[in-house]
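Trainee: the sequence isn't on hand, but the structure is:
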């Protein structure tokens, strides 16, 4: 079993921070990783046959102790029975904050493009996104933020603190560079949870030839 997830390894190559994690092949390894990370933790199945993990109830979050973690592990494995499984991702819990999506694709006419929008469960509901052709600079990210209908949430509204715009700009410039240099065909970082101190990338989907 691989010690690293290819998508994660690619992000790490470009200095894109990830939530602390480990990969377990059984309950014993999951317990060891969880203790090292510190509770609470999240569990997510690793399977080439399962793209949308929530559809299979293959994600469990907020596991506060070993007993709950082991029960969740067993539950996930039961839910994905019949599918190829290569491991279990054990992650620290993400911060609380604003959920954004940073996505991209290689367009046949325009080349690599990157998009920014409201993420998480709101992606399909509001379809509030802005896009640019790669490469981009920090000023492009500022303009993308202002084009979003949801920009007041990003900039801070009704007592909410603005997110770390500098971290967002840095992340998006790195993502664009990665997409071009690695010839990424499709990518979704969703959600990326931002607060005033930084961000946590919760889930990654990425496709190359």
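Mentor: Looks like it arrived, so ask away. Computed from a prediction, not measured in an experiment: that's the story for all the values here.
Trainee: what's the following helix or strand after the helix ranked longest in the chain?
Mentor: Looking across the chain with DSSP state H, the single longest helix is helix 165-181. Note on helix 165-181: by DSSP states H and E, the next helix or strand toward the C-terminus is strand 186-195.
Trainee: and the longest helix of the chain with strand 186-195, angle?
Mentor: Going by axes from the mean of the first three to the mean of the last three Cα atoms, to 10 degrees, helix 165-181 is angled at 170 degrees with respect to strand 186-195.
Trainee: surely residue 65 and residue 39 touch.
Mentor: Yes. In this structure residue 65 lies within contact range of residue 39 using Cβ atoms under 8 Å: 5.7 Å. Where you see a C-beta, it was placed from the backbone N, CA and C, and this is true even at glycine.
Trainee: between those two, which has more neighbouring residues?
Mentor: residue 39 (15 against 11; other Cβ atoms under 10 Å).
Trainee: show me what contacts the more buried one?
Mentor: 63-66, 69 (Cβ atoms under 8 Å, 6 or more residues apart in numbering).
Trainee: what do you get if the cut-off is 10 Å, keeping everything else the same?
Mentor: 62-66, 68-69, 92-93 (Cβ atoms under 10 Å, 6 or more residues apart in numbering).
Trainee: just give me the neighbour total for residue 27.
Mentor: 15.
Trainee: er, residue 170 actually
Mentor: 18.
Trainee: nice, that's everything, thank you.
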